[in-house]
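A.B. asks: Sequence and predicted structure are below.
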Amino acid sequence: QVQLVESGGGLVQAGGSLRLSCTASRNIFSINGTGWYRQAPGKQRELVAAITRGGSTNYADSVKGRFTISRDNAKNTVYLQMSSLKPEDTAVYYCNARILPSDRSGWYDYWGQGTQVTVSS
């Protein structure tokens, strides 16, 4: 079964940086678009950044110029480099990927388990 495993969250002071990673493993044939979402307490999950297989990117206005999404197709991994972090960036961050499993049964959306990012003021 396909899994998305995230890492890299933690506690950081305002102005600091963190790098999140998300690796898709097990029984994957191909990965299409991938993205990072976040959900703060009491708020809806929102898109932070997305990247296509070809490398085209899209960012939420709130993170433009501070966050960078990238991917390594050979490693089935997507990254989110976060800089100049603000307390309002505090949330659980989830990766998402549209994946064709190795049995080629169809394209499905998969989610990681989430990783906590806390930015202190």
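C.D. replies: That came through, no problem. Numbers count the residues shown, from 1 in each chain.

A.B. asks: For the most centrally placed residue in the chain, give its distance to residue 121.
C.D. replies: Most central in the chain under C-alpha atoms, centre = their mean is residue 36, positioned 2.9 Å from the mean C-alpha point. Relative to residue 121, residue 36 is positioned 23 Å away (C-beta to C-beta, to the nearest Å). Glycine gets a C-beta too; all of them are placed from N, C-alpha and C.

A.B. asks: isn't residue 21 right next to residue 7, touching?
C.D. replies: Yes: contact criterion C-beta atoms under 8 Å: residue 21 and residue 7 qualify, at 5.1 Å.

A.B. asks: These two: which has the busier surroundings?
C.D. replies: Between residue 21 and residue 7, residue 21 has the larger neighbour count (other C-beta atoms under 10 Å), namely 18 against 12.

A.B. asks: So the more buried one: helix, strand or coil?
C.D. replies: Under the three-state scheme (DSSP: H, G, I helix; E, B strand; the rest coil), residue 21 adopts strand.

A.B. asks: show me the residues around it that make contact.
C.D. replies: Contact analysis of residue 21 by C-beta atoms under 8 Å, 6 or more residues apart in numbering lists 6-8, 77-79.

A.B. asks: how about 10 Å then?
C.D. replies: 5-9, 72, 75, 77-80, 95, 112, 115 (C-beta atoms under 10 Å, 6 or more residues apart in numbering).

A.B. asks: Equivalent analysis for residue 52, please.
C.D. replies: 32-35, 58, 71, 98.

A.B. asks: who does whichever strand or helix holds residue 48 pair up with?
C.D. replies: Using DSSP states H and E, residue 48 sits within strand 46-51. Here strand 46-51 is paired, per DSSP bridges, with strand 28-39 (antiparallel), strand 57-59 (antiparallel).

A.B. asks: Could you export it as PDB, CA atoms only?
C.D. replies: Only the C-alpha atoms of strand 46-51 are listed here, as PDB (Å, rounded to 0.1, in the frame of the first residue of the first chain):
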ATOM      1  CA  GLU A  46      -5.300  25.300   3.300                       C
ATOM      2  CA  LEU A  47      -2.900  24.900   0.400                       C
ATOM      3  CA  VAL A  48       0.600  26.200   1.100                       C
ATOM      4  CA  ALA A  49       2.400  25.200  -2.000                       C
ATOM      5  CA  ALA A  50       2.100  22.800  -4.900                       C
ATOM      6  CA  ILE A  51       4.400  21.500  -7.600                       C
END
